[in-house]
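Novice: show me the folded form of this:
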Amino acid sequence: MIPYGRQDITEEDEQAVIAVLRSDFLTQGPQVPAFEGAIAQYVNAKHAIAVNSATSALHIACMALNLGKGDVLWTVPNSFVASANVGLYCGATVDFVDITPDTYVMCPDKLEAKLKKANTEGKLPKVIVPVHFAGQSCDMRRIGSLAVRYGIKVIEDASHAIGARYLGALVGNCAYSDIAVFSFHPVKIITTAEGGMATTQNAELAHRMELSRSHGVTRDADLMQNESEGGWYYEQVAFGYNYRMTELQAALGLSQMSRLDQFVARRNALAQRYDLLLQGLDVKTPAQASDSYSSYHLYPIQVDDRARVFAELRENGIGVNVHYIPIHRQPFYAAMGFHKGDFPVAENYYDNAISIPLYAGLSDADQDTVIEKLGHATRG
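Specialist: Have a look, this model is predicted:
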């Protein structure tokens with residue numbers, strides 16, 4: 001089976017993890033801050049906060065922005081459910097903005113229209129979460145401008161997009177947002193097995209996220225309300241969770257960082273090869289915006305008779321997948337009052353979407369096999 005995505009682990013990665021296993025620290029040691037520093041330096045952000053998943057990173061980002069009961073979070077239907085669920089974690093309500101028909105990210109025109117209406121009705125969101133789908137950035141300059149105009153906070157869900165660029169700068173520098181979030185799941189660009197990272201230029205937001213990821217507990221005397229009672233003393237000064245990243249995960253991520261640009265370059269080469277070799281097939285390939293350089297986490301195509309094509313590809317050893325079932329179509333969200341037809345562009349995309357294999361270790365020969373099997377399946 002040729003999977004749609006997979007990790008790329010070298011002996012150097014293995015040795016980095018083994019070194020931690022033989023060290024004094026399996027958690028809360030030097031590897032996590034080293035990994036945070038590497039990410040912050042790479043994306044040109046002042047602060048990076050490592051956690052155990054991108055979902056956790058999104059959650060503490062919402063907490064840092066004081067999202068709570070009575071507030072509203074907007075994201076897109078074309079994402080994994082975590083992009084919306086984190087709003088519910090904070091007691092807020094959730095709504096969606098439809099996507100563009102070509103790049104499948106938050107549509108700034110639809111966002112602007114929805115903000116105008118919400119402003120008139122006194123129902124503006126507190127936070128919006130644009131999702132950089134498949135590795136390609138949203139139009140963050142325009143989204144950021146709208147957010148400033150309406151006084152809204154922005155979290156970039158860049159789970160798919162480490163190593164991507166927008167307007168020439170690396171995604172994660174938060175030029176048009178308050179916080180950006182990356183994922184290090186095994187099928188992403190680099191991996192820590194499970195793990196996530198939030199980046200920001202704002203020291204106060206970073207401080208809040210650092211507290212939230214570790215029970216709201218501190219040993220920093222400057223943050224305590226009372227005088228220390230001794231070397232053992234700590235205080236809980238905020239509400240938080242156990243979202244810490246382990247030293248093992250951080251060591252793996254730090255090792256993988258040395259190959260991040262190589263991974264992204266290979267993914268782009270494979271995507272360009274797909275673009276060329278799929279021209280003769282009855283498929284729609286993903287568009288790329290001229291202002292973006294995608295990290296190509298996914299290569300989503302559009303096909304007719306998706307269910308049949310999907311089944312045939314799976315039967316022939318091609319591990320395709322679908323990204324994503326629109327969040328508002330999930331039974332949990334339907335019970336909140338969302339309906340089929342509410343966000344037609346995302347729904348139309350989903351009805352025909354298949355993600356075909358794309359990962360740094362995919363060989364040209366395996367890619368040729370994918371194209372051959374896809375050609376046979378689409379011809380019926």
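Novice: now do the helices in this structure.
Specialist: 11-21, 31-43, 54-64, 82-89, 108-121, 140-150, 203-212, 247-257, 260-277, 306-315, 331-334, 344-352, 364-378 (DSSP state H).
Novice: out of those, deepest packed?
Specialist: helix 54-64 (a mean of 27; mean count of other C-beta atoms under 10 Å). Yep, even glycine has a C-beta here, placed from its N, CA and C like the rest.
Novice: how about residues contacting it?
Specialist: 49, 51, 73, 82-83, 85-87, 89-90, 92, 127, 129, 155, 157, 159, 178-179, 181-185, 195-198, 205, 208-209, 212-213, 239, 241, 243 (C-beta atoms under 8 Å, 6 or more residues apart in numbering).
Novice: I'd say Gly196 and Ala180 touch.
Specialist: No: using C-beta atoms under 8 Å as the test, Gly196 is too far from Ala180 to be in contact (11.0 Å).
Novice: the stretch 151-300 of the chain: strands as residue ranges?
Specialist: With DSSP state E, counting those that start in this stretch as the criterion, the stretch 151-300 of the chain has strands at 153-157, 165-166, 169-170, 179-183, 196-200, 217-218, 235-236, 292-293, 299-302.
Novice: format those strands as a markdown table; extra columns: mean neighbour count and distance to Asp261.
Specialist: Converted to a markdown table, the strands of the stretch 151-300 of the chain look like this (neighbours: other C-beta atoms under 10 Å; distance: least, C-beta to C-beta, whole Å):
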| stretch | mean neighbour count | distance to Asp261 |
| --- | --- | --- |
| strand 153-157 | 27 | 20 |
| strand 165-166 | 22 | 11 |
| strand 169-170 | 18 | 10 |
| strand 179-183 | 31 | 15 |
| strand 196-200 | 30 | 17 |
| strand 217-218 | 16 | 36 |
| strand 235-236 | 14 | 41 |
| strand 292-293 | 22 | 11 |
| strand 299-302 | 22 | 19 |
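Novice: isn't Gly68 up against Leu88?
Specialist: No: judged on C-beta under 8 Å, Gly68 makes no contact with Leu88 at a distance of 11.5 Å.
Novice: Thr285 is nearest to which of the helices of the chain?
Specialist: Set against Thr285 and scored by C-beta to C-beta, those come closest in helix 260-277, at 5.6 Å.
Novice: which other helices and strands contact that closest one?
Specialist: strand 299-302, helix 364-378 (3 or more C-beta pairs under 8 Å, 6 or more residues apart in numbering; DSSP states H and E).
Novice: please produce TSV containing these, extended by distance to Met63 and mean pLDDT.
Specialist: As requested, those are arranged in TSV below (distance: least, C-beta to C-beta, whole Å; pLDDT from 0 to 100):
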stretch	distance to Met63	mean pLDDT
strand 299-302	31	98
helix 364-378	42	97
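Novice: quick one: which of these is nearest Ser228?
Specialist: strand 299-302 (54.1 Å).
Novice: contact partners of that closest one?
Specialist: 104, 134, 270-271, 274, 278, 283-286, 323, 349, 352-358.
Novice: one more time with 6 Å, if that's ok
Specialist: 134, 271, 274, 283-286, 352-356, 358 (C-beta atoms under 6 Å, 6 or more residues apart in numbering).
Novice: out of these, what pair is the most spread apart?
Specialist: Those two in the contacts of strand 299-302 that are separated most widely, counting by C-beta to C-beta, are Ala271 and Asn352, at 18.9 Å.
Novice: any idea of the pLDDT on Ala221?
Specialist: Note for Ala221: predicted pLDDT of 89.
Novice: quick one: residues contacting the residue most central in space within the chain.
Specialist: Geometric centre of the chain, nearest residue: Ser159, 1.5 Å, by C-alpha atoms, centre = their mean. When contacts are counted by C-beta under 6 Å, 6+ apart, Ser159 is found next to 54, 183.
Novice: and if you look at the one 3 residues further on?
Specialist: Contact analysis of Ile162 by C-beta under 6 Å, 6+ apart lists 182, 189.
Novice: one more: Glu210?
Specialist: Ile49 are the contacts of Glu210 under C-beta under 6 Å, 6+ apart.
Novice: got phi/psi on the residue lying farthest from the centre of the chain?
Specialist: In the chain, counting by C-alpha atoms, centre = their mean, Glu229 sits farthest out from the average C-alpha position, at 42.1 Å. Note on Glu229: backbone dihedrals following degrees, to the nearest 10 are phi -100, psi 0.
Novice: what's the answer for Val81, then?
Specialist: phi -60, psi -20.
Novice: quick check: domain ranges of this structure?
Specialist: 2-257, 260-378 (automatic domain parsing).
Novice: got the end-to-end distance for the first one?
Specialist: Using C-alpha to C-alpha, to the nearest Å, one end of domain 2-257 lies 25 Å from the other.
Novice: now that domain: how far from the chain's centre is it?
Specialist: Remark: domain 2-257 is offset 8 Å from the chain centroid, using C-alpha atoms, centre = their mean, to the nearest Å.
Novice: what is the burial count for the closest residue to Gly87 other than its chain neighbours?
Specialist: Counting by C-beta to C-beta, 6 or more residues apart in numbering, Gly87 lies nearest to Leu73, which is 3.3 Å off, once chain neighbours are set aside. By the criterion of other C-beta atoms under 10 Å, Leu73 has 27 neighbours.
Novice: quick one: contacts for Leu73?
Specialist: With C-beta under 6 Å, 6+ apart, Leu73 has these contacts: 87, 92, 94, 127.
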